[in-house]
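>>> Structure for this input, please:
(one chain, ligands or ions: 2)
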Amino acid sequence: MAELAFFSGTMDCGKSTLALQIQHNRSARGLTGLIFTRNDRAGAGRLSSRLGLVTDAVEADESFDFHAHLVTYLTAGGRVDYVITDESQFLSAGQVDQLARIVDDLGIDVFAFGITTDFRTRLFPGSQRLIELADRVEVLQVEALCWCGARATHNARTVDGRMVVEGAQVVVGDVGAGKEVGYEVLCRRHHRRRLTAAAAGAGPLSPDVLPAEGVPQSAAAPGRQG
Ligand SMILES: Nc1ncnc2c1ncn2[C@@H]1O[C@H](COP(=O)(O)OP(=O)(O)O)[C@@H](O)[C@H]1O
Ligand SMILES: Cc1cn([C@H]2C[C@H](O)[C@@H](COP(=O)(O)O)O2)c(=O)[nH]c1=O
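Residues are numbered from 1 along each chain as shown. Ligands and ions are numbered 1, 2, ... in the order given. Next comes the predicted model:
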């Protein structure tokens, strides 16, 4: 039976990479998929991963109707075995309803990828509706890490290097970007305290010098407790 699956997590946890892997494995077996995205960092009509892979995709803007697009495509004789949507957090609730109709009425698998919450820890509209409707919600296995070493569960936005909790919900950007607006993944504790790596003065997780003899470990690796 066809299903609506939502692969969710923080930024930089490998969602787009997994989307491209699913696409690769299925197309290698002769299956045909349609790929959609919105506001990918690589530009309109692109689905890109930080591992360097990129593929063409249909840019699904606010007015895009997924179900109507599929019906038109199939009616014209096209074949579709599965659908992939990346950056699904940006979709409207109505567009996610259209994805559910593709599964239920057309019998086509839909694999949706997106971040769960925004920089204020609030659900994005598309993610909220996907959690409400998906047959399966999967958290990715490769965990992104906070600077303290804990699993990163939240996305922080920085403006000129400082973490902010106010602003527009949608600002396309990247982690580790030395730009005006950037993002950093944090554990909840450090998100609540607005403690980014820079604010905490954190160095690498694994110190590359051995602690001096007689210096306790806690003193040799400061800044890990936050
Ligand atoms: N140079 C690298 N070598 C190995 N893995 C990398 C490298 N750069 C990024 N990655 C992996 O890619 C992941 C980000 O993948 P991506 O699909 O772009 O994430 P998402 O779509 O969730 O934002 C990182 O968490 C890391 O596991
Ligand atoms: C937290 C947060 C993120 N965004 C943007 C930033 C990126 O362009 C995408 C996420 O892409 P990724 O492939 O998952 O890294 O979302 C945003 O607009 N608002 C936010 O609050």
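>>> Lowest-scoring secondary structure element of the protein by mean pLDDT?
Evaluated with mean pLDDT, DSSP states H and E, the helix-and-strand set of the chain has its lowest mean pLDDT in helix 217-220, which scores a mean of 47.
>>> which ones are touching the residue nearest to A134 when sequence neighbours are not counted?
Spatially, and ignoring its direct neighbours in sequence, A134 is nearest to F6 (4.1 Å; Cβ to Cβ, 6 or more residues apart in numbering). Every C-beta, even on glycine, is put in place using the N, C-alpha and C of the backbone. When contacts are counted by Cβ atoms under 8 Å, 6 or more residues apart in numbering, F6 touches S88, A112, F113, G114, S127, L130, I131, A134, R136, V137, E138.
>>> tell me which of the residues you listed is nearest to ligand 2?
G114 (7.1 Å; Cβ to the nearest ligand atom).
>>> Let me see the ranges of the helices in the protein.
15-28, 66-75, 93-106, 125-133, 188-192, 197-200, 217-220 (DSSP state H).
>>> Next, please give the residue ranges for the strands of the protein.
Ranges of strands in the chain, per DSSP state E, are 4-9, 33-37, 46-48, 54-56, 58-59, 82-85, 109-115, 136-139, 154-159, 162-164, 181-186.
>>> The second one pairs with which strands, and in what direction?
For strand 33-37, the pairing partners within the sheet under DSSP bridges are strand 58-59 (parallel), strand 82-85 (parallel).
>>> What lies in contact with it?
19, 23, 26-27, 45-47, 55-60, 64, 66, 69-70, 73, 80-87.
>>> From these, keep the buried residues only.
19, 23, 26, 46-47, 55, 57-58, 60, 64, 66, 69-70, 80, 82-87 (16 or more other Cβ atoms under 10 Å).
>>> State the distance from F36 to G43.
15 Å (Cβ to Cβ, to the nearest Å).
>>> go on, M11?
Counting by Cβ to Cβ, the gap from M11 to G43 is 18 Å.
>>> can you count the residues close to V139?
14 (other Cβ atoms under 10 Å).
>>> what's it in contact with, if anything?
Contacts here follow Cβ under 8 Å, 6+ apart; on that basis V139 touches S8, G9.
>>> do the one 3 residues further on as well
For V142, the contact set (Cβ under 8 Å, 6+ apart) comprises C13, G14.
>>> So for it, what's the pLDDT?
With respect to pLDDT, V142 has a value of 86.
>>> quick one: A2 and ligand 1, what's the gap?
A2 is 24 Å from ligand 1, where distance means Cβ to the nearest ligand atom, to the nearest Å.
>>> what's the neighbour count on that residue?
Using other Cβ under 10 Å, A2 is surrounded by 16 other residues.
>>> R29 now?
8.
>>> That one and L51: what is the separation?
From R29 over to L51 (counting by Cβ to Cβ), the distance is 22 Å.
>>> How about L130?
24 Å.
>>> State the phi and psi torsions of the residue lying closest to T17 once chain neighbours are set aside.
For T17, ignoring the flanking residues on the chain, the nearest one in space by Cβ to Cβ, 6+ apart is S49 at 4.2 Å. The phi/psi pair for S49 (degrees, to the nearest 10) reads phi -120, psi 150.
>>> Could you do the one 4 residues further on as well?
L53 adopts backbone torsions of phi -80, psi 150, taken as degrees, to the nearest 10.
>>> begin at 52 from here
Happy to do that; since the first residue is 52 now, the last one works out to L104.
>>> check contacts around the closest residue to it other than its chain neighbours.
Once flanking residues are discounted, L104 sits nearest to L71: 4.9 Å by Cβ to Cβ, 6+ apart. Taking Cβ under 8 Å, 6+ apart as the contact definition, L71 lies against L98, S100, L104, T106.
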